[in-house]
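In: Let's see this in three dimensions:
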Amino acid sequence: MWLWMKYVTGVNDEKHCTNCLRGKYGKILSKHNTELEFTPMLTLNEQPLDSFSAIYICGVIKKCYPRSNYEHNLHTAIIPTAGRTDTFEFENWRLTVTNGLFEPIPSEVELPVSYRGLPPQFTTCRIFRWAVCSDLNRTNVSMET
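Out: Predicted structure coming up:
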């Protein structure tokens, strides 16, 4: 249903889903990339390496959308890390990154206390949970809308 990536530069903790991530969307890892199906290896180089802190990847499965597909949706973040290789496996997905590390998505109980009382659209959103638990959120000076 959806497949996207974002070069993350910051966090807006007043939003959830894609809107809580500041940064530019990538076009390489996207359902709109007609070559993606035939390309087993991608170079995520659309943005200069020093212009973002992470790459967030989201894949939402079509089956049972939007009611009961939640647990089958792909969510992961890549932290650029020179010289490191990492692998992330989820259902039928196997992603390997060179010069980066996959960062796990925190559970609801791992949310900072100040966010736990928010409505479920925030606390159940894996994008929001990763964003507010990431080092990016600790470096935000302004939480603009």
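
In: how distant is the longest strand seen in the chain from the center of its chain?
Out: Scanning the chain for the longest strand, with DSSP state E as the assignment, gives strand 74-90. Distance of strand 74-90 from its chain centroid, counting by CA atoms, centre = their mean, to the nearest Å, is 11 Å.

In: Equivalent analysis for stretch 125-137, please.
Out: 9 Å.

In: how about it: buried residues?
Out: For stretch 125-137, the neighbour count (16 or more other CB atoms under 10 Å) marks 125, 126, 127, 128, 129, 130, 131, 132, 133, 134, 136, 137 as buried. The C-beta positions use only the backbone N, C-alpha and C, and glycine is treated the same way.

In: Identify each of the helices in the chain and give its residue range.
Out: Assigned by DSSP state H, the helices in the chain fall at 120-123, 126-133, 135-139.

In: Tabulate those helices (a markdown table), appending mean pLDDT and distance to residue 57.
Out: Output for these, formatted as a markdown table (pLDDT from 0 to 100; distance: least, CB to CB, whole Å):
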| stretch | mean pLDDT | distance to residue 57 |
| --- | --- | --- |
| helix 120-123 | 95 | 20 |
| helix 126-133 | 96 | 10 |
| helix 135-139 | 72 | 16 |
